[in-house]
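Undergrad: Need a 3D model of the sequence below.
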Amino acid sequence: MENLNREWNTCYWNHIIKNWDEIVPPTTISDLYDFNGSEYAVMMPMVLDYNRFQSDSLLRNYQNEYQIIKSIQENQ
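TA: Numbers count the residues shown, from 1 in each chain. As a prediction, this is how the structure comes out:
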């Protein structure tokens, strides 16, 4: 937790995380807020990590689907 708090700079405005259960995806209910039609975040490092996680997960899913389709086509 100490490394996570340091990497996400959670000491700013006392957002220190003490338990993994306290971490929730960034939404307008948790950390994101809308200002003049643009989204902003209090803890931007967390949002960046979450967006990278989402992007990497989606890419892996597409790659897995591609491999499945490719193997089916090769067997026909």
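Undergrad: What's the mean pLDDT across stretch 41-48?
TA: Per-region confidence: stretch 41-48 scores 87 on mean pLDDT.
Undergrad: So which bits of it are buried?
TA: For stretch 41-48, the neighbour count (16 or more other CB atoms under 10 Å) marks 43, 46-47 as buried. All C-beta atoms are positioned from the backbone trio N, CA, C, and that covers glycine.
Undergrad: In strands, which of the residues you listed fall?
TA: Nothing among the buried residues of stretch 41-48 maps onto strands, per DSSP state E.
Undergrad: Serialize those to CSV and add fields for distance to Q54.
TA: What follows is the buried residues of stretch 41-48, written out as CSV (distance: CB to CB, whole Å):
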residue, distance to Q54
M43, 16
M46, 13
V47, 10
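Undergrad: Report the central residue of the protein.
TA: With distances taken as CA atoms, centre = their mean, Y50 lies nearest the centre of the chain, 1.1 Å away.
Undergrad: Do I have it right that that residue meets P25?
TA: Yes. Y50 lies in contact with P25 (CB atoms under 8 Å); the separation is 5.9 Å.
Undergrad: quick one on the thing from earlier: just curious, which of the buried residues of stretch 41-48 is nearest to N75?
TA: V47 (42.7 Å; CB to CB).
Undergrad: so how far is I69 from the closest one?
TA: 33 Å (CB to CB, to the nearest Å).
Undergrad: try E7
TA: 38 Å.
Undergrad: can you give me the strands in the chain?
TA: Going by DSSP E, the chain shows strands at 32-35, 38-41.
Undergrad: Out of those, which is closest to H15?
TA: Among these, strand 38-41 comes nearest to H15, with 11.0 Å by CB to CB.
Undergrad: which secondary structure elements does the closest one contact?
TA: strand 32-35 (3 or more CB pairs under 8 Å, 6 or more residues apart in numbering; DSSP states H and E).
Undergrad: Nothing else from me, thank you.
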